[in-house]
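Enquirer: Give the three-dimensional model of this entry:
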Amino acid sequence: MIELKTKYLGLQLKNPLVASASPLSEELDKVKQMEEKGIAAVVLHSLFEEQVLLQEKELDYALTHGTDHYAEALSYFPDVGRYSFVPEEYVKYIAKLKKAVQIPIIGSLNGISKSGWVRYAKEIEEAGANALELNIYYVPTESSLSCQELEEMYLDLVQEVREKIKIPLAVKLSPFFNSFTHLAGELVKAGADGLVLFNRFYQPDIDLLNMAVVPNLELSTSAELRLRLRWVGILYQKLKTDLAITGGVHTVEDIIKGLMAGAKVTMMTSVLLEKGIPYIEGLLRGMEEWLRRHNYQSIEEIRGLLSEENIKASDAFERANYMKVLNSYHFE
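Expert: Below you'll find the predicted structure:
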């Protein structure tokens, strides 16, 4: 019998398929359906820092309306009206989910500053979440903010949240750092039980007709997996933390590659939005068939087989790969 069980953030999972943060988790029925089709855990849609701050501003407005120091601060916040969950409702929803499903539920906080985060991290824990994912999404545009200062903001946030909660803590971040391996190590020291690689930055587009900068959402493709494979392969066994891949996981082969690079779990959203929740069943069958065909009995047998540590050509992950790729193309 093929064994698909894995352990992520101290949680025993029946397989390595985890639904990443997305609108799918906003509806209890969809979470229940994902569980029925075989998903091992669900990361909830994120509670955004802007929602926390907006609520605080609205409270401040209610208390100070009519004074001359409030000005129009609320107008500077993005429109979060689309997000149906204010902080208190988000916490209540976790408690409701925990009564409805058996799979682990991982809360998600999205932002950069400490404002409100520590309190809501604690409330998410108290609501019954099995773990918490800090989705640190920040675009530094101030020229006065140095790389070191930015990294210290990340580390301070992780350390402060870690000190306030007992449930496992994962950090989801982007690859855009000068020395990613160093930062990853420091995040683990600060208390990260797992690293989720990588956040997808949604780049705005320019609408020439209306002369406006507009949001632009494109679902991922398997081509995006390569960056994740590279860094999971580099970090595997270098750090005492769990590694998760998110972004570009669409096929059985994508999942197997992620595990061979060293990931404990592979997270997905785009493929479930494209092909529907029942697609999970096919992925699980395909994993079993692949392992059986290649004479493996469990996913533990393949984990890290193609990480930097376990392959002879370790330079495949480093600068030599860059040179080989450039020299591999030949004109007709």
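Enquirer: The stretch 151-300 of the chain: strands as residue ranges?
Expert: Listed in chain order, the strands of the stretch 151-300 of the chain (DSSP state E, counting those that start in this stretch) span residues 169-173, 194-197, 205-207, 212-214, 242-246, 265-268.
Enquirer: Quick one: those strands as TSV, columns for mean neighbour count, distance to N15 and mean pLDDT too.
Expert: C-beta: built from backbone N, CA, C; applies to glycine. What follows is these, written out as TSV (neighbours: other Cβ atoms under 10 Å; distance: least, Cβ to Cβ, whole Å; pLDDT from 0 to 100):
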stretch	mean neighbour count	distance to N15	mean pLDDT
strand 169-173	24	18	96
strand 194-197	26	17	98
strand 205-207	11	37	88
strand 212-214	10	38	87
strand 242-246	27	14	98
strand 265-268	28	9	98
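Enquirer: mind giving me JSON lines with the ones you listed and columns for distance to P104?
Expert: Below are the strands of the stretch 151-300 of the chain laid out as JSON lines (distance: least, Cβ to Cβ, whole Å):
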{"stretch": "strand 169-173", "distance to P104": "12"}
{"stretch": "strand 194-197", "distance to P104": "13"}
{"stretch": "strand 205-207", "distance to P104": "36"}
{"stretch": "strand 212-214", "distance to P104": "37"}
{"stretch": "strand 242-246", "distance to P104": "13"}
{"stretch": "strand 265-268", "distance to P104": "11"}
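Enquirer: Quick one: closest of the ones you listed to L235.
Expert: strand 242-246 (6.1 Å; Cβ to Cβ).
Enquirer: so that closest one versus strand 169-173, what angle?
Expert: 40 degrees (axes from the mean of the first three to the mean of the last three Cα atoms, to 10 degrees).
Enquirer: Check which helices and strands strand 242-246 is in contact with.
Expert: strand 6-8, strand 169-173, strand 194-197, helix 225-235, strand 265-268 (3 or more Cβ pairs under 8 Å, 6 or more residues apart in numbering; DSSP states H and E).
Enquirer: Ramachandran coordinates for the closest residue to V139 other than its chain neighbours?
Expert: Nearest residue to V139, sequence neighbours excluded (Cβ to Cβ, 6 or more residues apart in numbering): F201, at 7.7 Å. Main-chain dihedrals, F201, degrees, to the nearest 10: phi -90, psi 120.
Enquirer: Assign E149 to helix, strand or coil.
Expert: What DSSP: H, G, I helix; E, B strand; the rest coil gives for E149 is helix.
Enquirer: Run a quick neighbour tally on it.
Expert: Using other Cβ atoms under 10 Å, E149 has 11 neighbouring residues.
Enquirer: can the helices and strands packed on strand 242-246 go into CSV with extra columns for distance to S179?
Expert: Shown next, in CSV, are the helices and strands packed on strand 242-246 (distance: least, Cβ to Cβ, whole Å):
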stretch, distance to S179
strand 6-8, 26
strand 169-173, 13
strand 194-197, 15
helix 225-235, 12
strand 265-268, 25
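Enquirer: For the stretch 101-250 of the chain, give me the ranges with low pLDDT.
Expert: When residues are selected by pLDDT under 70, those of the stretch 101-250 of the chain lie in 112-116.
Enquirer: In it, mark out all the helices, start to finish.
Expert: 117-126, 147-164, 180-190, 225-235 (DSSP state H, counting those that start in this stretch).
Enquirer: Single out the most deeply packed of those helices.
Expert: Per-stretch averages of neighbours, counted by mean count of other Cβ atoms under 10 Å, single out helix 225-235 among the helices of the stretch 101-250 of the chain, with a mean of 21.
Enquirer: Taking strand 242-246 as reference, get the angle to that helix.
Expert: Using the same axes, to 10 degrees: helix 225-235 against strand 242-246 is 170 degrees.
Enquirer: Pull the distance from helix 225-235 to the chain's centre.
Expert: 14 Å (Cα atoms, centre = their mean, to the nearest Å).
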